[in-house]
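Participant: Sequence first, then the predicted structure, then my questions.
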Amino acid sequence: MNKVIKFSQLVLIISVFVLFLGFFAPSGIAQIGNVNTPPVNGIGGGTSITPGGGNLEPIPMTTRIVWTDKRNGNDDIYMYDLSTKKETQITTNEKKQSSPNIWGNRIIWSDCRLCNTPPYRRDIYMYDLSTGEETRITTDEAAPMYHAIWKDRIVWSDTRGDAEGIYMYDLSTGEETRITPPEVNRVSRPDISGDKIVWEDLRNSGPFSIKPDIYMYDL
């Protein structure tokens with residue numbers, strides 16, 4: 001009799017354990033985790049595993065910090081690499097550089113080397129750490145503002161034609177694209193992630209009321 005009771009108790013325990021696994025595993029409850037690979041040249045890859053079993057796009061992790069520094073009387077772009085504990089001066093010209101942003105090996109900033117000569121404007125420049133090459137991104141007479149970079153894409157706002165618009169430059173194709181339509185001319189502060197570009201938009205504001213909204217464009 002005792003053997004039968006013990007066997008029944010064992011079967012009951014196993015059944016409860018199987019039901020427990022069957023309930024939690026398929027549903028994905030509390031099954032969120034991160035798989036991160038070690039950084040390589042300051043860049044690592046992280047994959048976030050979603051509860052439903054799908055994988056989010058890998059998010060690069062950087063150990064690099066960029067900033068503007070007014071040492072030696074000039075506003076230059078500097079970078080510090082946490083992995084190597086090394087500081088590097090990125091720009092060396094005597095004009096003012098500001099608002100740096102970094103993605104992977106690419107650093108962009110607002111550059112004033114043409115501010116004192118025609119056409120008297122700022123431009124967006126980029127420095128590639130992997131090649132050591134500097135590239136001028138914007139060439140229009142309008143001054144770009146509020147730039148951001150994501151992989152091969154750089155976005156900014158400028159006021160060409162007296163109409164402020166959001167623009168994008170694709171480094172992989174060398175093509176520049178206007179994102180907002182010409183009739184929308186009160187936009188600023190763009191940002192980008194993947195195929196999504198967001199910005200601050202005043203198209204719904206009146207002459208005596210400021211009502212900024214957030215708009216998004218899906219490439």
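Facilitator: That came in fine, so what should we check first? Residues are numbered from 1 along each chain as shown.
Participant: I'd say residue 96 and residue 114 touch.
Facilitator: No - using C-beta atoms under 8 Å, residue 96 is not in contact with residue 114; the gap is 11.1 Å. All C-beta spots, glycine's among them, are computed from the backbone N, C-alpha and C.
Participant: Give the buried residues for stretch 89-102.
Facilitator: The neighbour-count check on stretch 89-102 (16 or more other C-beta atoms under 10 Å) flags 90-91, 96-97, 99-102 as buried.
Participant: er, stretch 74-92 I mean
Facilitator: 75-79, 81, 90-91.
Participant: Max pairwise distance over the residues you listed: which two?
Facilitator: 75 and 81 (21.1 Å; C-beta to C-beta).
Participant: measure stretch 124-136 end to end?
Facilitator: Using C-alpha to C-alpha, to the nearest Å, the end-to-end distance of stretch 124-136 comes out at 6 Å.
Participant: actually stretch 131-145, not the one I typed
Facilitator: End-to-end distance for stretch 131-145, by C-alpha to C-alpha: 26 Å.
Participant: what does it contact?
Facilitator: Outside stretch 131-145, the residues that touch it by C-beta atoms under 8 Å, 6 or more residues apart in numbering are 108, 110-111, 119, 121-128, 154, 156-161, 167, 169, 188.
Participant: ditto for stretch 109-117
Facilitator: 68, 77, 90-91, 93, 95-101, 120-125, 136, 144-145, 147.
Participant: rerun that using 10 Å as the cut-off
Facilitator: Stretch 109-117 is contacted by residues 66, 68, 75-77, 90-91, 93-102, 120-127, 134, 136-138, 141, 143-147, 156 when judged by C-beta atoms under 10 Å, 6 or more residues apart in numbering.
Participant: Fine by me, thanks again.
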